[in-house]
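> show me the folded form of this:
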Amino acid sequence: MPNRTIVITGGAGFIGSHVVRLFVRKYPQYKIINLDKLTYAGNLANLADVENYPNYKFARLDICDFDAFYRLMQDEKVDGIIHLAAESHVDRSIRDPFTFAQTNVMGTLSLLQAAKMYWESLPEKYEGKRFYHISTDEVFGALQMTHPEGIEPPFISPASSSQRQKAYGVDFFNETTKYNPHSPYSASKASSDHFVRAFHDTYGLPTIVTNCSNNYGPYQFPEKLIPLFINNIRRRKLLPVYGKGENVRDWLYVEDHARAIDVIFHKGIVAETYNIGGFNEWKNIDIVKLIIQTVDRLLNRPEGADLDLITYVTDRLGHDARYAIDSTKLQRELGWEPSLQFEEGIEKTVRWYLEHEEWMDDIVSGEYEKYYESMYGNA
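Have a look, this model is predicted:
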């Protein structure tokens, strides 16, 4: 496999750090540049195990800084971009939609224009180049909650989505689903998706877009449901559940997502879209109860000891009822499928957070941000 120089944006974040780690270890002939602004969600401690690899480099850079990124493209002779950097928390987008539009839309546009200008300046132009944009299933809006014959999530994943449809009679997001975003976050991601596709259609930029379901696993910032609740349970703090906890999400273990990104980056077809999902739908309240059961067992607490921590709070504005991804295209064309059932993935995830309490405590206290400010100054 030839030498390449690949920029992974948002590489110090949750999903990005897993992608960086996978590429650094799997492709020693590549130069992997982890590009991250180190906002609150970026943490270089996520990559401590690969930071000394000879093919790894960190660049602190804001994706909205076009001039800086264009210079990086020229200096490093970048021929691949895997774009994960984004503001991603729905609650934050409701409070501050401007930041989400700036980062997710204008930041993506900055990367696209820099890639276009640099690659067009080369003798080979777009040959061997790739701009891979990672998006979310939330751009599609919400699916119906109806399930025939009283069947409810969680769904234990059959071999294919067609079997799921036959068994449950429910619909899923696929690559042709119409966009219908309901939050400032999903609207900003939808807009960035459109810009990526427009740069292919207008300029011929070799782009790929993927839309993925909810991820979980190690190194996730603890404002998200699963790490937040693991931390709250170990500290005996309340577990705030939106509404009645009836909202349904399709969950994917983060390392499975990283494997999918690897396959798609190398084998995916330019201008195509691929959906990535876990075939694994759960109601939020059922997830909470499973986490409680797992944490209590691993901490040697009596079964159900922390169920009293559940508290129901006012539902989130514009809270979509259900997401579910159909990954049949990705399975059929590129041979990828998820490797873990949810119960197994939750067990691994809970164990990781309980074994890395110092990492969690540094995040919650903000100590990691103070360290980066002393090292790099304010972004």
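
> where do the strands of the stretch 51-200 of the chain begin and end?
56-60, 80-83, 130-136 (DSSP state E, counting those that start in this stretch).

> low-confidence ranges in this protein?
Low-confidence segments of the chain (pLDDT under 70): 1, 145-170, 367-379.

> which parts of it are helices?
14-26, 66-76, 90-95, 97-100, 107-120, 161-168, 184-203, 225-234, 254-267, 284-298, 328-334, 342-355, 357-365, 367-376 (DSSP state H).

> to Asn215, which of the ones you listed lies closest?
Set against Asn215 and scored by CB to CB, those come closest in helix 254-267, at 4.6 Å. Where you see a C-beta, it was placed from the backbone N, CA and C, and this is true even at glycine.

> who touches the nearest residue to Ser88 once chain neighbours are set aside in this structure?
Excluding the flanking residues, the one nearest Ser88 by CB to CB, 6 or more residues apart in numbering is Tyr185, at 6.7 Å. Neighbouring residues of Tyr185 by CB atoms under 8 Å, 6 or more residues apart in numbering: 87-90, 92-93, 100, 104, 138.

> how about a cut-off of 10 Å?
By CB atoms under 10 Å, 6 or more residues apart in numbering, Tyr185 lies in contact with 86-94, 97, 100, 104, 136, 138-139, 318.

> which of those residues are buried, as a ChimeraX select command?
Here is the ChimeraX command that picks out the buried ones among these, judged by 16 or more other CB atoms under 10 Å:
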select :86,87,88,89,90,92,93,97,100,104,136,138,139
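
> ok, so of the contacts of Tyr185, who is nearest Gly10?
Nearest to Gly10 out of the contacts of Tyr185 is Ala86 (CB to CB; 6.5 Å).

> hmm, back to that, any idea which of the helices of the chain is most buried?
helix 14-26 (a mean of 24; mean count of other CB atoms under 10 Å).

> tell me which other helices or strands it touches.
strand 5-9, strand 31-36, strand 56-60, strand 80-83, strand 130-136, strand 214-216, helix 254-267 (3 or more CB pairs under 10 Å, 6 or more residues apart in numbering; DSSP states H and E).

> so what are the sheet partners of the second one and their directions?
So the one you mean is strand 31-36. strand 5-9 (parallel), strand 56-60 (parallel) (DSSP bridges).

> which one of the ones you listed lies closest to Arg322?
Of the strands paired with strand 31-36, nearest to Arg322 by CB to CB is strand 5-9, at 29.7 Å.

> quick one: buried residues of the closest one?
Buried, per 16+ other CB under 10 Å, within strand 5-9: 5-9.

> ditto for stretch 238-245
For stretch 238-245, by 16+ other CB under 10 Å, it's 239-242, 245.

> and stretch 308-321, by the same measure?
Applying 16+ other CB under 10 Å to stretch 308-321 flags 309-310, 320 as buried.

> turn those residues into TSV, including distance to Leu290.
Converted to TSV, the buried residues of stretch 308-321 look like this (distance: CB to CB, whole Å):
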residue	distance to Leu290
Leu309	14
Ile310	12
Asp320	21
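
> ok, so of the residues you listed, who is nearest Pro338?
Nearest member of the buried residues of stretch 308-321 to Pro338, counting by CB to CB, is Asp320, at 21.8 Å.

> residue contacts, that closest one?
90, 137-138, 140-143, 180-183, 186, 247-249.

> one more time with 8 Å, if that's ok
138, 141-142, 182-183, 247.

> ok, back up a step: and the helices and strands packed on helix 14-26: which comes nearest Ser192?
strand 130-136 (7.0 Å).

> so what does that closest one touch, helix or strand wise?
Applying 3 or more CB pairs under 8 Å, 6 or more residues apart in numbering; DSSP states H and E, one finds that strand 130-136 contacts strand 80-83, helix 107-120, helix 184-203, strand 207-212, helix 254-267.

> that strand versus helix 254-267: what angle between them?
Here strand 130-136 points in a direction 150 degrees away from that of helix 254-267 (axes from the mean of the first three to the mean of the last three CA atoms, to 10 degrees).

> what strands line up against strand 130-136, and which way round?
When DSSP bridges is applied, strand 130-136 pairs with strand 80-83 (parallel), strand 207-212 (parallel).

> quick revisit: reformat the strands of the stretch 51-200 of the chain as TSV; add distance to Phe342.
Listed next are these as TSV, based on distance: least, CB to CB, whole Å:
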stretch	distance to Phe342
strand 56-60	32
strand 80-83	26
strand 130-136	19
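
> looking at those strands, which is nearest to His356?
Here strand 56-60 is closest among the strands of the stretch 51-200 of the chain (CB to CB), at 21.0 Å.

> how far off centre is that closest one?
Put simply, strand 56-60 sits 20 Å off its chain's centre (CA atoms, centre = their mean, to the nearest Å).

> quick one, it and helix 66-76 angle?
Using the same axes, to 10 degrees: strand 56-60 against helix 66-76 is 160 degrees.
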